[in-house]
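[1] Here's a sequence, model it:
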Amino acid sequence: GIAAPRARHLFDGVGDADSFIVDPHKWLFAPFDACALVYRDPAVARAAHAQHAGYLDVLDRNGAWNPSDFHIGLSRRVRGLPFWFSLATHGTLAYSRAVERCLATARAAADRVRALPHVELVREPELSVVVLRRLGWAPEDYHRWTQRLLRCGLAFVTPTVHNGETVTRFAIVNPLTTVADIDRILATMADGTG
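    You can find the predicted model right below:
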């Protein structure tokens, strides 16, 4: 979200953090288990996570930079590498535009929900999640509806719980999602049968 100028203010203060994690599998189009750790002072991270053993000395010679010194999973693959390649290939402006497009689609989806008599907005979206309820539906209706959407290949929209009530949500993380897609999904709720 911080990549989008329209939403950047929601992240005021993040620059004061000592570290933060970005899971780029949502808006940053990386594989599911990719992760990016950002440290203000990498030396502190290295002191916390570096592992020392005779068989690792070859990696740590001359204070060389070793990515395994900055996270817990020593023998796991470098999960952030696909994200780095994508960022290096497409640049930050492509990400900024993609996130802005997702935010615009979320705002349009909220407008569509407000305009329909059979659904209502549960809360105003802050970023790209639009939470809504289908009037008259019980929890099992939402679950049947989700399964129907998955079977026909239209969308992956899952039930959630808000203040103890089962509702549903759009999590718009693909910049190729259109308002027409939202309209098609909402139309499947019109008949009232989950």
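[2] Which of the three states applies to the most centrally placed residue in the chain?
    Geometric centre of the chain, nearest residue: K26, 3.2 Å, by Cα atoms, centre = their mean. The three-state assignment at K26 reads coil, by DSSP: H, G, I helix; E, B strand; the rest coil.
[3] now the closest residue to it other than its chain neighbours, what's its secondary structure?
    Closest residue in space to K26, ignoring its immediate chain neighbours: V173 at 4.5 Å, by Cβ to Cβ, 6 or more residues apart in numbering. All C-beta atoms are positioned from the backbone trio N, CA, C, and that covers glycine. Under three-state DSSP, V173 falls in the coil class.
[4] So which helix or strand of the protein has the lowest pLDDT on average?
    When each helix and strand of the chain is scored by mean pLDDT, DSSP states H and E, helix 57-60 comes last, with a mean of 55.
[5] Following element in sequence after the helix ranked longest in the chain, please.
    In the chain, ranked by residue count with DSSP state H as the criterion, the top helix is helix 81-115. Moving toward the C-terminus from helix 81-115, the next helix or strand (DSSP states H and E) is strand 119-121.
[6] May I see the buried residues of the helix or strand just after that following strand?
    Of the helices and strands lying after strand 119-121 in sequence (DSSP H and E), the nearest is strand 129-134. For strand 129-134, a neighbour-count test (16 or more other Cβ atoms under 10 Å) marks V130, V131, L132, R133, R134 as buried.
[7] With pLDDT added, can I get those residues in CSV?
    Listed next are the buried residues of strand 129-134 as CSV, based on pLDDT from 0 to 100:
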residue, pLDDT
V130, 98
V131, 98
L132, 98
R133, 97
R134, 97
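[8] Now do the longest helix of the chain: distance to the chain's middle.
    Centroid separation between helix 81-115 and its chain, computed with Cα atoms, centre = their mean, to the nearest Å, is 10 Å.
[9] Give me the angle between that helix and strand 129-134.
    Counting by axes from the mean of the first three to the mean of the last three Cα atoms, to 10 degrees, helix 81-115 lies at 40 degrees to strand 129-134.
[10] which strands and helices sit next to helix 81-115?
    When contacts are defined as 3 or more Cβ pairs under 8 Å, 6 or more residues apart in numbering; DSSP states H and E, helix 81-115 sits against strand 119-121, strand 129-134, helix 179-187.
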